[in-house]
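**Q** would you be able to build a 3D model of this:
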Amino acid sequence: MKKKVAMKDIAEAMNVSIVTVSKALGGREGVGEKLRGEIIKKAQELGYVISDRKKSSGNNKIAILIPERYVSDRSFYVKIYQQMIMGFSERGLIGVLEIVKRENEEAGVLPYLVQSQAVDQAVLIGEMHAQMIERLIEAGTELIFFDFQNEEYDVDAIVGDNINGGYMLTRHLVKNGYEKIGFVGEYRATRSILDRFMGYMKYLMAKGRETNPAWVIPDRGMDGINIDLVLPLKNMPDAFVCNNDEAALRLIRTLEAAGYKVPEQISVCGYDDYTSQESDGMDLTTYHVNIEEMVRLCIQLVETRMSDPGHRLGTVTVNGRLVEGASVKKKKTK
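**A** Modelled structure (predicted):
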């Protein structure tokens, strides 16, 4: 059976990026007419089927796609989905959730809502495998990346200010007297974790503070599945910035099991400000992600596209705020 031609095949044949191919085939700006023509010609030569879905059908159903791994270990995304569903409903739109199975995501098997052409637009909550993104683009579905961005694709994105959030949490710990500050999160797993890690490193480096690779603790594998937290017991930090609240609560339990008291001996910061933390008996210092504003912008973009197909927003960063809790205690000076 002949392999189906994908955008990456055209990009490799033309020695250009997938973003350039996407823009050329989608009729968007940012590509010269000569190069556009060459890309289209090469696509035809390779047997690529160019989608002609340029007009909205007026469909008021919007797919909300969440990778399976985020539903199982990060219920923060369920909260986002609930707010999005309510927001769509208030505007007379129908948001339909579909959980993308891990094997389908990696193989690029289109979600049922897209296969059946039940929707014109899809909101992707949480970073997805490149194979799935490419298949969705090829299917002609108008996409919105929510809570992540991927510079390889010409797709609108709505994200929180992750770098600034990591920066502010680290600054908060330093201002409270902490010098040895660690980070919990596998920064290679997603761009949002990477950005939060970059914010953490940005503050420490800018202020000439100590950094130590041993203080960076992975919380998951590259497949997104949680792993045990391994503490650097020979040289323990006195505070940690965590990539999300769930990781912070896991860290607190791990520290307590090792005999440390939080925050008396070690302070911990989370990220997201997700209310489920209350059930774990710890009032976290965290960074509040402004979900309400992010959802509002997403719904506004969906509505604009319905009357103006092809409308572009670009990447929008929404500011959050620091939330002080009991998991950080001002360190006593000797």
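
**Q** show me the strands in the protein, by range?
**A** 61-67, 94-100, 121-125, 142-146, 156-160, 181-184, 216-217, 239-242, 267-269, 286-288, 315-318, 321-323 (DSSP state E).

**Q** same list (those strands) but as a markdown table, adding mean pLDDT and mean neighbour count.
**A** (Each C-beta comes from the backbone N, C-alpha and C, glycine too.) Below are the strands of the chain laid out as a markdown table (pLDDT from 0 to 100; neighbours: other Cβ atoms under 10 Å):
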| stretch | mean pLDDT | mean neighbour count |
| --- | --- | --- |
| strand 61-67 | 95 | 22 |
| strand 94-100 | 95 | 18 |
| strand 121-125 | 96 | 23 |
| strand 142-146 | 95 | 23 |
| strand 156-160 | 96 | 22 |
| strand 181-184 | 98 | 26 |
| strand 216-217 | 98 | 20 |
| strand 239-242 | 98 | 31 |
| strand 267-269 | 97 | 28 |
| strand 286-288 | 97 | 24 |
| strand 315-318 | 96 | 16 |
| strand 321-323 | 97 | 14 |
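
**Q** nearest to Val49, of the ones you listed?
**A** In this view, the strands of the chain are compared for proximity to Val49 by Cβ to Cβ, and strand 142-146 is the closest at 17.8 Å.

**Q** looking at the strands of the chain, which is closest to Tyr48?
**A** Distances from Tyr48 to each of these were compared using Cβ to Cβ; the minimum, 18.7 Å, belongs to strand 142-146.

**Q** what's Asp237 sitting at in phi/psi?
**A** Not quite, residue 237 is Pro, not Asp. For Pro237, the backbone dihedrals are phi -70, psi 160 (criterion: degrees, to the nearest 10).

**Q** relative to Ala257, how far out is it?
**A** Shown here: Pro237 relative to Ala257, a distance of 17 Å by Cβ to Cβ, to the nearest Å.

**Q** repeat for Leu297
**A** Spatial separation of Leu297 from Ala257 under the definition Cβ to Cβ is 41 Å.

**Q** neighbour count for those two, which is higher?
**A** Between Leu297 and Ala257, counted using other Cβ atoms under 10 Å, the more crowded position is Leu297 (18 against 9).

**Q** list the residues that contact the residue nearest the centre of the chain.
**A** Taking Cα atoms, centre = their mean as the criterion, Phe148 is the residue nearest the geometric centre of the chain, at 3.0 Å. Neighbour list for Phe148: Leu124, Gly126, Glu127, Ala157, Val159, Thr190, Arg191, Ser192 [criterion: Cβ atoms under 8 Å, 6 or more residues apart in numbering].

**Q** in contact with the closest residue to it other than its chain neighbours, which residues?
**A** Excluding its sequence neighbours, the residue lying closest to Phe148 (Cβ to Cβ, 6 or more residues apart in numbering) is Glu127, at 4.1 Å. By Cβ under 8 Å, 6+ apart, Glu127 lies in contact with Pro67, Phe148, Asn150, Thr190, Arg191, Ser192.

**Q** let's see the pLDDT reported for Glu127.
**A** Confidence at Glu127, expressed as pLDDT, is 91.

**Q** next: the one 5 residues further on.
**A** Turning to Met132, the model gives it a pLDDT of 93.

**Q** that one: neighbour count?
**A** Using other Cβ under 10 Å, Met132 has 21 neighbouring residues.

**Q** what separates it from Leu97, distance-wise?
**A** For Met132, the distance to Leu97 under the criterion Cβ to Cβ works out to 16 Å.

**Q** just Val19 next, same as before
**A** Distance, Val19 to Leu97, using Cβ to Cβ: 28 Å.

**Q** and for Ile291?
**A** The span separating Ile291 from Leu97 equals 16 Å under the rule Cβ to Cβ.

**Q** cool, Met205 as well?
**A** For Met205, the distance to Leu97 (Cβ to Cβ) stands at 41 Å.

**Q** okay, buried residues for stretch 173-191 please.
**A** Buried residues in stretch 173-191, counting neighbours by 16 or more other Cβ atoms under 10 Å, are found at 173-174, 176, 178, 180-187, 189-191.

**Q** what is the end-to-end distance of it?
**A** Between the start and the finish of stretch 173-191 there is a gap of 23 Å, counting by Cα to Cα, to the nearest Å.

**Q** now do stretch 217-224
**A** Where stretch 217-224 begins and where it ends lie 15 Å apart, using Cα to Cα.

**Q** can you offset everything so residue one is 166?
**A** Happy to do that; since the first residue is 166 now, the last one works out to stretch 382-389.

**Q** ok, the residue lying closest to Arg415 once chain neighbours are set aside - how many residues close by?
**A** Nearest residue to Arg415, sequence neighbours excluded (Cβ to Cβ, 6+ apart): Leu394, at 6.1 Å. In terms of burial, Leu394 registers 18 neighbours under the definition other Cβ under 10 Å.
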